[in-house]
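Peer 1: Below are the sequence and a predicted model for it; my questions follow.
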Amino acid sequence: MPRPRKESLPGTPFPVVGLIRAARRRADLSQRELAKGAGLHASTVGRIEAGELWPSLVAFAKLMGATAHYLTVVDDDGHVLMPMSDRRDQELRDGAERRYPSHLDLVLDPRPGEWWADQYGLARPPETFLRDRARRDAQRRRSQWEVRVKKYRNDPEPPEVY
């Protein structure tokens, strides 16, 4: 008995199968041509389009790339989210060779008072991050206001952050 077609799995915000089929149609490719361009087997593309196989993100990106379509991430306002880049010029890992948390702003060569453990008299590390969320948010607002003068021209000046 054949399985019913699924346009998307439960809980997914968009129909991956429909996107692949639409991209293939727009690129005017057969399933075999799409599979060859993406480096996948033709039966894999057929199973994905039939809703029998859910593609990994890598496979989905390959399929979209083969049709000259590319993945982007946008927020609720439609702004494209640009990926964070690794800073290759400096070793940005802690003493246990872990990356610093992505959501925290890294402080290179912290001055007295910029490291959270200064109050305990510990030796200051070569880099640290700001843990106080309110202070980080205020610094980011101030930085945006200073850098994007034209955009924030009519906004009141944010307070200085110390």
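Peer 2: Sure, I can see it.
Peer 1: can you map out the strands along this protein?
Peer 2: For the chain, strands defined by DSSP state E occupy the ranges 106-108, 127-129.
Peer 1: Among these, which one carries the weakest average confidence?
Peer 2: In terms of mean pLDDT, the lowest-scoring of the strands of the chain is strand 127-129 (a mean of 69).
Peer 1: Output the below-cut-off pLDDT ranges for this structure.
Peer 2: The chain contains residues with pLDDT under 70 at 1-14, 84-91, 105, 128-131, 149-150, 152, 161-162.
Peer 1: Now do the buried residues in the lengthiest helix in it.
Peer 2: If you go by DSSP state H, the chain has its longest helix at helix 133-147. Neighbour counts over helix 133-147 (16 or more other CB atoms under 10 Å) mark 136, 138, 139, 145 as buried. The way it works is simple: take the backbone N, C-alpha and C, and place the C-beta from them, glycine included.
Peer 1: for that helix, packing partners?
Peer 2: In terms of contacts (3 or more CB pairs under 8 Å, 6 or more residues apart in numbering; DSSP states H and E), helix 133-147 is not packed against any helix or strand.
Peer 1: The closest residue to residue 63 other than its chain neighbours - how many residues pack around it?
Peer 2: Among residues not flanking residue 63 along the chain, residue 38 sits closest, at 4.8 Å (CB to CB, 6 or more residues apart in numbering). For residue 38, the count of nearby residues is 22 (other CB atoms under 10 Å).
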